[in-house]
Every structure is written in C-alpha cells, then in structure tokens.
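[1] for reference, the sequence and a predicted model appear below.
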Amino acid sequence: MSITTNANESVTEDALNEDVVLERPNYHYGYLGRDGEGYYHHVDEVTNTIYVTDEPYERTLPAGGAIYRITLYGNVNHIEDLNLHDDKDLSDWVAYVDSKRGWAERPKDITGALQRALAGAVRNDILEGTHR
C-alpha cells in the first residue's frame with residue numbers, strides 16, 4: 001500500500017512505521033551515493049556525520065512548507081562522526097569507500113556536494129569558535 005503526501009510524493013506504509021534515522025531540511029543534507037555493496041551514504045552537514053543505511057533517502061515537502069525535508073529510514077550499517085578525526089574529512093570518506101567497497105552510484109554533482117559539506121563544516125566551526 002502507498003500513501004501520497006501533499007507534495008505528491010509516494011511514501012510506503014512500511015516507511016511510515018520504521019524508525020527515523022535522520023531528518024533534516026534539504027539544505028543540511030548531502031547524498032554521497034550507493035556503494036558497491038548496496039549501502040547508501042548520507043552526510044548530515046550540521047553534525048558532519050556520515051550515515052550508511054540500507055535504504056535511500058526520502059524527500060518530502062510538509063503541508064504548507066516551503067523547504068523540502070530529507071528523512072532516512074531503515075537499518076544503519078555504520079555511523080561515522082568526522083569531527084572525531086582531526087586528519088579526516090568528507091573527501092577522505094569518499095576515497096575510503098572507493099578503495100574498500102567501490103561506488104555503484106554517485107551523485108552527478110559529488111564535487112558540489114563535497115564543497116557544500118566542507119563549507120558547512122567550516123561555517124559551523126566558525127560559529128562554535130573552533131576554527132583553527
């Protein structure tokens with residue numbers, strides 16, 4: 001069974017019953033791609049955290065909303081807080097996955113996604129006073 005949201009996007013009933021892994025406004029989220037083992041890689045640009053899930057993201061527009069929301073459902077294969085590594089960033093994660101699992105699907109604008117995520121991390125560091 002499918003349920004149609006106000007944005008005319010279909011959401012399965014199973015997805016509605018699953019736990020939400022992450023929910024962010026579209027502009028705080030980055031899709032990195034699907035790796036060679038079939039897992040989906042997402043970046044939460046607010047916390048600089050990678051989520052590796054067994055399901056792709058869902059994009060919805062709440063009723064009366066002006067900004068799309070990204071929601072992740074399903075099982076989490078791995079969570080990586082890039083802030084815990086002084087010497088690693090998003091581009092290192094992309095290279096790591098490329099060397100270990102390979103990429104089956106990458107967004108057309110992976111460079112843009114990386115640049116937006118890195119700019120967001122720097123912006124957050126400046127706001128928190130931790131920029132070096």
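    Structure's in. What do you need? Computed from a predicted structure; not experimentally measured.
[2] make it CA atoms for all contacts and neighbour counts henceforth
    Fine.
[3] all helices of the chain, in order?
    13-17, 90-100, 110-128 (DSSP state H).
[4] which of the ones you listed has the lowest mean pLDDT?
    Of all the helices of the chain, the minimum mean pLDDT falls on helix 13-17 (a mean of 46).
[5] spatially nearest residue to Val20 (excluding sequence neighbours)?
    Tyr73 (4.9 Å; C-alpha to C-alpha, 6 or more residues apart in numbering).
[6] ok, now how distant is the one you found from Gly33?
    Tyr73 sits 16 Å away from Gly33, taking C-alpha to C-alpha, to the nearest Å as the criterion.
[7] find the least confident helix or strand in the chain, judged by mean pLDDT.
    Ranked by mean pLDDT, DSSP states H and E, the weakest helix or strand in the chain is strand 2-4, scoring a mean of 39.
[8] residue contacts, Leu22?
    Neighbour list for Leu22: 70-73 [criterion: C-alpha atoms under 8 Å, 6 or more residues apart in numbering].
[9] highest neighbour count among those residues?
    Leu72 (24 neighbours; other C-alpha atoms under 10 Å).
[10] hmm, Val20 and it touching each other?
    Yes - with the criterion set as C-alpha atoms under 8 Å, Leu72 and Val20 qualify as a contacting pair; they are 5.9 Å apart.
[11] got any residues that touch both of the two?
    By C-alpha under 8 Å, 6+ apart, Leu72 and Val20 have no common neighbours.
[12] what's the distance between Gly36 and Glu23?
    Note on Gly36: its distance to Glu23, by C-alpha to C-alpha, is 25 Å.
[13] before we move on, what about Thr53?
    Taken as C-alpha to C-alpha, the span from Thr53 to Glu23 is 14 Å.
[14] quick one: low-confidence ranges for this protein?
    With pLDDT under 70 as the threshold, the chain has low-confidence stretches at 1-18, 108-118, 120-132.
[15] between Thr53 and Glu23, who's got more neighbours?
    In this view Thr53 and Glu23 are compared by other C-alpha under 10 Å, and Thr53 has more residues nearby, 22 against 17.
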